[in-house]
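[1] Structure, please.
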Amino acid sequence: MIEVAHVSHAPVDRLWSVMSEVRRWPQWLPTVDAVTPLEAARPDEVGARYSVEQPGLPRAVWTITAIDPGRSFTWESEQPGIRSVGTHVLRPEADGGTTIVLGISWWGLLAPVLRLVLGRKTLDYVRQEARALDRTASADAGA
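    This is a model prediction of the structure:
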């Protein structure tokens, strides 16, 4: 599993409002080119599916599998030989800040190959995503 923890001074509710709007990720996230809901009228809820395009990666369909509103969501993508699980967690801190914890894990026959080929790039993407989420939420809070 690849996991990154990033401490933010932004409150959890502000981070959640940015992180949970996956349709808007391409506007602020350098690692995502497009997020297209497969059912445009469906809310962002368990079972909602999205086509996600990222630089240097094949297009993938991600399905939300769990949501704890205001705190976390998980989504999964399946392709032959591989299941990817992406986790997005916000942990409120006593000082009013938040720890952002983003992760991805791969399961299946091709998981070891994917880790070898994409592990370093994926770690870089997850780090960029945590920093971009913090920057975006902090900038929006100051506006």
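[2] Contacts only, for the residue nearest the centre of the chain.
    Central residue of the chain (C-alpha atoms, centre = their mean): His88, 5.4 Å from the mean position. By C-beta atoms under 8 Å, 6 or more residues apart in numbering, the residues touching His88 are 19, 72-74, 101-102. Backbone N, C-alpha and C define where each C-beta goes, glycine included.
[3] how close does it sit to Ala41?
    Applying C-beta to C-beta, to the nearest Å, the value for His88 to Ala41 is 23 Å.
[4] re earlier: distance to Glu129 and pLDDT for the contacts of His88 - can I get that in CSV?
    Supplementary listing: the contacts of His88 in CSV, determined by distance: C-beta to C-beta, whole Å; pLDDT from 0 to 100:
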residue, distance to Glu129, pLDDT
Met19, 9, 97
Ser72, 15, 98
Phe73, 14, 98
Thr74, 15, 98
Val101, 11, 98
Leu102, 6, 98
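[5] which of these are buried?
    19, 72-74, 101-102 (16 or more other C-beta atoms under 10 Å).
[6] if you look at the residues you listed, which of them are in strands?
    Per DSSP state E, strands hold the following members of the buried ones among the contacts of His88: 72-74, 101-102.
[7] Give the other helices and strands that the worst-scoring helix or strand of the chain on mean pLDDT contacts.
    Lowest on mean pLDDT, DSSP states H and E among the helices and strands of the chain sits helix 111-142, with a mean of 92. Applying 3 or more C-beta pairs under 8 Å, 6 or more residues apart in numbering; DSSP states H and E, one finds that helix 111-142 contacts strand 2-8, helix 12-19, helix 25-28, strand 98-107.
[8] do that again at 6 Å, thanks
    On a contact count with 3 or more C-beta pairs under 6 Å, 6 or more residues apart in numbering; DSSP states H and E, helix 111-142 meets strand 2-8, helix 12-19, strand 98-107.
[9] among these, which is nearest Pro55?
    Nearest of the helices and strands packed on helix 111-142 to Pro55, taken as C-beta to C-beta: strand 98-107 at 15.8 Å.
[10] just how off-centre is that closest one within its chain?
    8 Å (C-alpha atoms, centre = their mean, to the nearest Å).
[11] so what's the nearest residue to Ser105 once chain neighbours are set aside scoring on pLDDT?
    Leaving aside its chain neighbours, Ser105 sits nearest to Met1 (4.1 Å; criterion: C-beta to C-beta, 6 or more residues apart in numbering). Met1 carries a pLDDT value of 92.
[12] Thank you, goodbye.
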